[in-house]
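S.K.: Pasting the sequence and the predicted coordinates here, then a few questions.
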Amino acid sequence: MKVCAVSIVALLCIATAAQAAAPAGAAPRVVRPPAGTPPIRPLPVRPETLPALPANAGTVDTFLNSAKTLKEHLVWTAGDGKTIAYDNWTAAQKGRLGLFYSKYETNDPNLTLKLTTDDKMDSNGGFYYTADVAFDIYAAQAAHVLYVEAKHLVPWSIAARPGPELDELLASSAYFARIGPSQGNTYPSGIQPGRDFTDPPENDGLGELISDPRIAFDFVTGKTSATHKTLVGSTELDTLANLSMWLRNNVSHGPLQADDQAEAKLQRYLDKRLAHSPGSKTAMAISGCHSTAKLLVDLARSINLPLLHVRSLDNIAGDAASNYFNRTHGALVYGWGGRSPRVLWHTDNLNAITEDTCSALTAQGALATPEEFKQLLLDTMWVSPETLIKHGFVYKLEIVYPDQGYGHNSRGQYEDRLDYGYCIGAWKKKGTSDLSLLYVQEYDYDLCSNYLMYLQGQGSLEAQFTADIQTYCGSLAKSDIPAIRPMADFVARANAGLKAVGGASKLAKLASDYENSRGGNLMVAGPAVPIRGRVLPQ
């Protein structure tokens, strides 16, 4: 039964990292949008022609002098909480940003990038960073954002992007989180609270590190992928659709089947996470939905497409049970800074439920072409907040703080965290009800899933969906239950799908062919493999 399969998927993606509450009243780590739901406004019209580059854009300072808005968002937040604008950076800090920019300009394979080491990892798999290492990694990312913009390497410009989204690309608080005082936490050698850093709360415990941003850029643009086809579309949304389809076809849900810690170490850096996972024909989102969200953020950020990595709740264990991080899913928001946002409330819906990918129908009842399916997948999975609200999700984009609201459960060993990152809300729930699974039935309809057609071919669709709906609604009040699609619509959709694919036997063959094709566009080894900002011989 699908309810069991989906429930297992939901449980697999629950965060395994452990975090704790920071002292009450601690200052937020972020330079991001204020708490609350952003207004919904139409997307701004991008200029058809991008502004001309300055005569000499060969240095970062030359470019920044012509892009003062971007310069304003180059902000380093030190470990003591002081925010330092670019003009007030030290000469050494400016020098590192300029060096990275020039290395991108000359295509130098060796960034001389400082990285953290295994002795800076805690017992839960989370990493700490000394201030100099954190700044170096941040400066390399920011320099790449500026370089992509200066050289017009993607069809869009970030010049007019809302400030909160620029912060997600250019401010250090999007890459590292400060650590506050702790009563009992034992830090790795050389790490000091109030000076040093850890991963942002949305990435805590994943152990998935960032390094040379060109690893992601070269893959997304096709240089190092198996097909050598770029995933950069003509627009931001077309690119988001391409990335979503790539993920669905090439990445599986974790955990790894072998020794988790050993395999996770092998796949710590992005070049390995983009390759076939050991023992699998696909790549692997080691920690499920949270790893998936980070992977999409890393890929999109390399082409100046900011996504906000957030968490969402379905209250599997109830509002007061367990702790916040163990009750959350990895989620993403596009366009949260004041435009019309699109929300992927649970990234497992792209990488874990693969049965929907091999077929879909057009409005005319024909099988969708790959391009038509790509658009359908985007519109089905990345939806407006209003769509989620209509289906029973209580949406509010806000920062979660220790011992407040959703973050009411403390975690002693991580009491140094100043906040728990962004949350978009939770599904309405009472007892065993589960509106998130009721919403999955809408995916079945929209994508004309194999599951939908399989049940109809077996003559059990109406009985199964009717029973599932009753289970998912549970004891919720009628006023909290969203409008449910008539069963006749599901039946008609399934019959149309079976007709389009040529019957149940053809459906099974189609599903088998799709499964066998997965993993066909991952990173391939060339004459030299980019690793952590260097090029190593084979």
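M.R.: Received the coordinates, thanks.
S.K.: which residue ranges form the strands in the stretch 251-400 of the chain?
M.R.: Taking DSSP state E, counting those that start in this stretch to define them, one finds strands in the stretch 251-400 of the chain at 251-253, 283-285, 307-313, 328-334, 342-344, 393-399.
S.K.: can I get those in a markdown table with distance to residue 136?
M.R.: (C-beta placed from N, C-alpha, C; glycine too.) Shown next, in a markdown table, are the strands of the stretch 251-400 of the chain (distance: least, CB to CB, whole Å):
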| stretch | distance to residue 136 |
| --- | --- |
| strand 251-253 | 29 |
| strand 283-285 | 27 |
| strand 307-313 | 22 |
| strand 328-334 | 27 |
| strand 342-344 | 31 |
| strand 393-399 | 27 |
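S.K.: Ok, which of these comes nearest residue 379?
M.R.: strand 342-344 (9.0 Å; CB to CB).
S.K.: Identify the residues contacting that closest one?
M.R.: 237, 240, 331-335, 350, 381-385, 388, 395, 424 (CB atoms under 8 Å, 6 or more residues apart in numbering).
S.K.: now with 10 Å?
M.R.: Residues outside strand 342-344 that contact it (CB atoms under 10 Å, 6 or more residues apart in numbering) are 237, 240, 244, 289, 292-293, 296, 307-308, 310, 312, 330-336, 350, 378-379, 381-388, 393, 395, 397, 424-425.
S.K.: likewise stretch 473-490?
M.R.: 389-393, 428-435, 438-439, 441-442, 444-445, 452, 455-456, 461-466, 469, 472, 492-493.
S.K.: List only buried entries from those.
M.R.: 391-393, 428-429, 433-435, 438-439, 441-442, 444-445, 452, 455-456, 461, 464-465, 469, 472, 493 (16 or more other CB atoms under 10 Å).
S.K.: Strands of the protein, residue ranges please.
M.R.: Listed in chain order, the strands of the chain (DSSP state E) span 75-77, 83-85, 128-129, 177-178, 197-198, 251-253, 283-285, 307-313, 328-334, 342-344, 393-399, 422-427, 528-531, 534-537.
S.K.: how about the strands of the stretch 251-400 of the chain in TSV, adding mean pLDDT and distance to residue 129?
M.R.: Output for those, formatted as TSV (pLDDT from 0 to 100; distance: least, CB to CB, whole Å):
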stretch	mean pLDDT	distance to residue 129
strand 251-253	88	27
strand 283-285	89	23
strand 307-313	95	18
strand 328-334	95	22
strand 342-344	97	28
strand 393-399	94	22
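S.K.: Kindly state the pLDDT recorded for residue 287?
M.R.: pLDDT for residue 287: 85.
S.K.: same check, this time on residue 324
M.R.: 80.
S.K.: Would you quantify the distance from it to residue 408?
M.R.: With distances taken as CB to CB, to the nearest Å, residue 324 is found 7 Å from residue 408.
S.K.: Please apply the same query to residue 211.
M.R.: Taking CB to CB as the measure, residue 211 falls 36 Å from residue 408.
S.K.: same deal with residue 106?
M.R.: From residue 106 to residue 408 the distance is 52 Å (CB to CB).
S.K.: and these two? which has more neighbours close in?
M.R.: residue 408 (15 against 8; other CB atoms under 10 Å).
S.K.: Residue 327 is in contact with that one, correct?
M.R.: No - using CB atoms under 10 Å, residue 408 is not in contact with residue 327, being 11.0 Å away.
S.K.: re the thing from before, could I have the buried ones of the contacts of strand 342-344 as PyMOL selection syntax?
M.R.: The buried residues among the contacts of strand 342-344 can be selected in PyMOL (16+ other CB under 10 Å) with this line:
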select buried, resi 237+240+244+289+292+293+296+307+308+310+312+330+331+332+333+334+335+336+350+378+381+382+383+385+387+388+393+395+397+424+425
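S.K.: closest to residue 516 out of the strands of the stretch 251-400 of the chain?
M.R.: For the strands of the stretch 251-400 of the chain, the distance to residue 516 is smallest for strand 251-253, at 13.8 Å, taking CB to CB.
S.K.: Note down every partner strand of that closest one and its orientation.
M.R.: Sheet pairing for strand 251-253, assigned by DSSP bridges, gives strand 283-285 (parallel).
S.K.: ok, residue 101 - contacts?
M.R.: 57-64, 139-140, 142-144, 146-147, 150.
S.K.: In terms of model confidence, name the weakest of those residues.
M.R.: residue 57 (52).
S.K.: Low-confidence stretches in this structure?
M.R.: 1-58, 184, 255-266, 316-322, 352-359, 409-414, 525-538 (pLDDT under 70).
S.K.: For it, give the helix that spans the most residues.
M.R.: helix 131-150 (DSSP state H).
S.K.: List the buried residues of it.
M.R.: 131, 133-150.
S.K.: again with stretch 226-237
M.R.: So for stretch 226-237, counting by 16+ other CB under 10 Å, buried means 230, 231, 232, 233, 236, 237.
S.K.: could you list every residue that touches the fifth one?
M.R.: Residues in contact with residue 236 (CB under 10 Å, 6+ apart) are 43, 46, 154-156, 161, 300, 303-306, 334-335.
S.K.: Kindly report the same for the third one.
M.R.: If a contact means CB under 10 Å, 6+ apart, then residue 232 has 153-156, 217, 220-222, 238-239, 242-243, 303, 305 as its contacts.
S.K.: Which of these fall within helices?
M.R.: 217, 220, 238, 239, 242, 243.
S.K.: Phi, psi for the spatially closest residue to the first one that is not a sequence neighbour please.
M.R.: Just to be clear, that refers to residue 217. In space, and not counting its chain neighbours, residue 217 is closest to residue 302: 4.1 Å by CB to CB, 6 or more residues apart in numbering. Dihedral pair for residue 302: phi -70, psi -20, per degrees, to the nearest 10.
S.K.: Surely residue 302 is in contact with residue 220?
M.R.: Yes - shown here, residue 302 and residue 220 form a contact pair, counting by CB under 10 Å, at 6.0 Å.
S.K.: shared neighbours of these two, anything?
M.R.: What both residue 302 and residue 220 touch, as defined by CB under 10 Å, 6+ apart, is the set residue 154.
S.K.: Narrow the contacts of residue 232 to those that are buried.
M.R.: Neighbour counting by 16+ other CB under 10 Å classes 153, 154, 156, 217, 220, 221, 238, 239, 242, 243, 303, 305 among the contacts of residue 232 as buried.
S.K.: so how far is residue 73 from the fourth one?
M.R.: In this view, residue 217 and residue 73 are 20 Å apart by CB to CB.
S.K.: ok, now the second one?
M.R.: In this structure, residue 154 and residue 73 are 18 Å apart, going by CB to CB.
S.K.: Check the last one too.
M.R.: Plainly put, residue 305 is 16 Å away from residue 73 if you go by CB to CB.
S.K.: try the fifth one
M.R.: As judged by CB to CB, residue 220 and residue 73 stand 23 Å apart.
S.K.: Out of the buried ones among the contacts of residue 232, the closest to residue 92 would be?
M.R.: Among the buried ones among the contacts of residue 232, and counting by CB to CB, the member closest to residue 92 is residue 217, at 26.1 Å.
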